[in-house]
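missing the sequence, but the structure's below:
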């Protein structure tokens, strides 16, 4: 911590002073240095998913007639509109903006909130910000540096998207890049407000993530009712603003002004709040203890700390399962006579009945998303350790393995709960084959647990690089999501543990890969815990 602080406090003469923004340049360079790996990875993931889409869609809808039919089919299906939004044009650019635009905006928002909270509330929580504040660093310099770092990341992603999509139309590419980057910056300033309101970095991320989830639900609810993006719920959502920019389909440049205005307004609020509180304090102080009940064990403490996240994820999986279950009943209508689309679904879900292949595809995607939950839950161990909250717990009659076990039960047991709830939701939405659907969901757990075991290994053996677990999980998600569309080689698909699972329902149940993956997850977890027990605790 001293080395990091010393680099930031050694301000050049041009930045020394007592102004509110003194030292901003130095703090920005420090932030970019600390994020020199994470930020480029995020940028490449956000831009790469967008740039891969035109080629993928061209292999599915190779002619103008096929694209026009796809546009009509998607716009007539309320479930598809809820997931992706309406289609405003039948060009490859317009279809790409429809298929990936909203999700790229979500990823840009997540990237932005991680960057802003990392360089504001996390710095205060770790005590580094107090050391910086004791030097000639302005009160609002840390917040400014964090927002500028988020701007650099979003600008980089926007430029790559605009340049890479220019072949589909320069105006549309620019509108798409600006829309995604603008969405990222809007949630960056929202995260800046959350960082002023809360004492915990995790809570700041949770509040911003909840706002992002609400924005997605509003957009989905609005788009399910109308096919032109004009409903009130859609316009209440920043993600709805992004889709209404209508990239490659008669761009609406004035919608970007709404994004800019909201971003500036939120930035003003964040700056005002930052100037009205002391370092380390917040406007919503953490309660001194549980309102009722007792937290007498390490396991009970872990449940108390993670119950909000588990409840939020569970509700999301249930609702999404209901929506996708309803979509499965009309899978044949969605695909129609398009053989390319049928081939992609069969590559993802197995060569069985189209409805069963569609169900298998959706359940596989749910499993990959559950991998995000298990990684996040395991990394709570790392957060407790680096924030020094684990030390008081371990100073008592609590061993490291017992402390870690409390969080791992939540991580691995919570993922089982998510897939069970998902199976119930899909079965209810689909209306039949409840047992087969639930079994297919539970069959995803060995692969999910492998990702959890890898995260435990990172936390235990290489705590400084624990965040690399996100790269592993994100890589598996990318392989499973876009791999079948790009027809990647089998060797590449097998890099993900999900590539070894049987394609259920529809395919025959094969126990060997399930047992092997479960044993691998147990081995990785065991090695990680052994390393955690032997090493020094970080600070």
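Noted; the coordinates are in hand. This one's a predicted model, so the numbers in the text were calculated from it and none came from an experiment.

could you point out which element follows the strand or helix carrying residue 273?
In the assignment (DSSP states H and E), residue 273 maps to helix 253-274. Going down the chain from helix 253-274, the next helix or strand is helix 298-329, by DSSP H and E.

chain center to that following helix: distance?
15 Å (C-alpha atoms, centre = their mean, to the nearest Å).

next one: stretch 88-106
19 Å.

need the contact list for the residue lying closest to residue 259 once chain neighbours are set aside.
Distances taken as C-beta to C-beta, 6 or more residues apart in numbering place residue 182 nearest to residue 259, at 3.9 Å, with adjacent residues excluded. Where C-beta positions appear, they are placed from N, C-alpha and C, glycine not excepted. By C-beta atoms under 8 Å, 6 or more residues apart in numbering, the contact list for residue 182 reads 154, 242, 256, 259-260, 263.

what subset of these is buried?
154, 242, 256, 259, 263 (16 or more other C-beta atoms under 10 Å).

I'd like the distance between the second one and residue 105.
With distances defined as C-beta to C-beta, to the nearest Å, the gap from residue 242 to residue 105 amounts to 5 Å.

again with the fourth one
For residue 259, the distance to residue 105 (C-beta to C-beta) stands at 10 Å.

and the helix or strand hosting residue 513, what's buried?
In this assignment (DSSP H and E), residue 513 forms part of helix 511-534. Within helix 511-534, the residues that qualify as buried are 513-514, 517-518, 520-521, 524-525, 528-529, 531-532, counting by 16+ other C-beta under 10 Å.

for that helix, the averaged confidence score.
The pLDDT scores in helix 511-534 average 95.

what lies in contact with that helix?
So helix 511-534 is contacted by 400-401, 404, 408, 443, 446-447, 449-450, 452-461, 497, 500-502 (C-beta under 8 Å, 6+ apart).

do stretch 201-216 as well
So stretch 201-216 is in contact with 102, 106, 109-110, 113-114, 117-118, 121-122, 125, 187, 190-191, 194-195, 197-198, 237-240, 286, 308-309, 312, 316, 380, 383, going by C-beta under 8 Å, 6+ apart.

in it, what counts as buried?
201-209, 211-212, 215-216.

and these, which of them are in helices?
In this view, the buried residues of stretch 201-216 that belong to helices under DSSP state H are 201-209, 211-212, 215-216.

so which of the residues you listed is the closest to residue 62?
residue 216 (31.1 Å; C-beta to C-beta).

re earlier: which positions within the helix or strand the residue nearest to residue 259 falls within qualify as buried?
In this assignment (DSSP H and E), residue 182 forms part of helix 170-197. Using 16+ other C-beta under 10 Å as the test for burial, helix 170-197 gives 172-197.

let me know the next secondary structure element after the least confident helix or strand in the chain by mean pLDDT.
For the chain, the helix or strand with the lowest mean confidence is helix 2-9, at a mean of 44 (criterion: mean pLDDT, DSSP states H and E). Counting by DSSP H and E, the element after helix 2-9 in chain order, helix or strand, is helix 24-34.

following that following helix, which helix or strand comes up?
Next along from helix 24-34, by DSSP H and E: helix 38-51.

for the helix or strand just after that next one, the averaged confidence score.
Once the chain leaves helix 38-51, the next helix or strand it forms, by DSSP H and E, is helix 53-60. Helix 53-60 comes out with an average pLDDT of 83.

do stretch 450-461 as well
94.

buried sites along the helix holding residue 273?
255-256, 258-259, 262-263, 266-267, 270-271, 273-274.

quick one: which of those is nearest residue 227?
residue 255 (17.9 Å).

and the two most separated of the ones in helices among the buried residues of stretch 201-216?
Across those (C-beta to C-beta), the longest gap, 22.5 Å, separates 201 and 216.

sorry, back to before: now the buried residues of stretch 201-216 in a markdown table, with distance to residue 426 and pLDDT?
Converted to a markdown table, those look like this (distance: C-beta to C-beta, whole Å; pLDDT from 0 to 100):
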| residue | distance to residue 426 | pLDDT |
| --- | --- | --- |
| 201 | 34 | 79 |
| 202 | 30 | 77 |
| 203 | 31 | 82 |
| 204 | 33 | 86 |
| 205 | 28 | 84 |
| 206 | 26 | 82 |
| 207 | 29 | 86 |
| 208 | 29 | 89 |
| 209 | 24 | 85 |
| 211 | 27 | 90 |
| 212 | 24 | 89 |
| 215 | 24 | 91 |
| 216 | 19 | 87 |
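
reformat these as CSV; add distance to residue 489.
Output for the buried residues of stretch 201-216, formatted as CSV (distance: C-beta to C-beta, whole Å):
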residue, distance to residue 489
201, 40
202, 39
203, 43
204, 42
205, 37
206, 39
207, 42
208, 38
209, 35
211, 40
212, 35
215, 37
216, 33
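
between those residues, which is closest to residue 87?
Distances from residue 87 to the buried residues of stretch 201-216, taken by C-beta to C-beta, are shortest for residue 216, at 18.2 Å.

from residue 106, how far off is the closest one?
7 Å.

same question for residue 318.
19 Å.

and for residue 98?
From residue 98 to residue 106 the distance is 15 Å (C-beta to C-beta).

okay, those two: which has more neighbours?
residue 98 (28 against 21; other C-beta atoms under 10 Å).

pLDDT at the more buried one, what is it?
91.

list the contacts for it?
Contacts of residue 98 by C-beta under 8 Å, 6+ apart are 74, 84-88, 243.

just the ones of those residues in strands?
Among those, none falls in strands (DSSP state E).

buried among the contacts of stretch 201-216? Make that a ChimeraX selection.
Selection command for ChimeraX covering only the buried members of these, criterion 16+ other C-beta under 10 Å:
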select :102,106,109,110,113,114,117,118,121,122,125,187,190,191,194,195,197,198,237,238,239,240,309,316,380,383
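
name the helices or strands packed onto the helix holding residue 273?
helix 141-164, helix 170-197, helix 238-244 (3 or more C-beta pairs under 8 Å, 6 or more residues apart in numbering; DSSP states H and E).

which residues sit against that helix?
Residues contacting helix 253-274 (C-beta under 8 Å, 6+ apart): 139-140, 143, 147, 175, 178-179, 182-183, 185-186, 188-190, 192-193, 195-197, 238, 241-242, 244-245, 283.

re earlier: mind listing the shared neighbours of residue 259 and residue 105?
Counting by C-beta under 8 Å, 6+ apart, the residues touching both residue 259 and residue 105 are 179, 183, 238, 242.

quickly check those residues for the two that are furthest apart.
The widest separation within the shared contacts of residue 259 and residue 105 (C-beta to C-beta) is 10.1 Å, between 179 and 238.

who touches both of these two?
105, 259.

okay, and the common contacts of residue 216 and residue 106?
With C-beta under 8 Å, 6+ apart, residue 216 and residue 106 have common neighbours residue 239.

ok, residue 365 - how many residues close by?
18.

before we move on, back to that, the contacts of residue 98 in helices, which ones?
Checking those against DSSP H, those in helices are 74, 84, 243.
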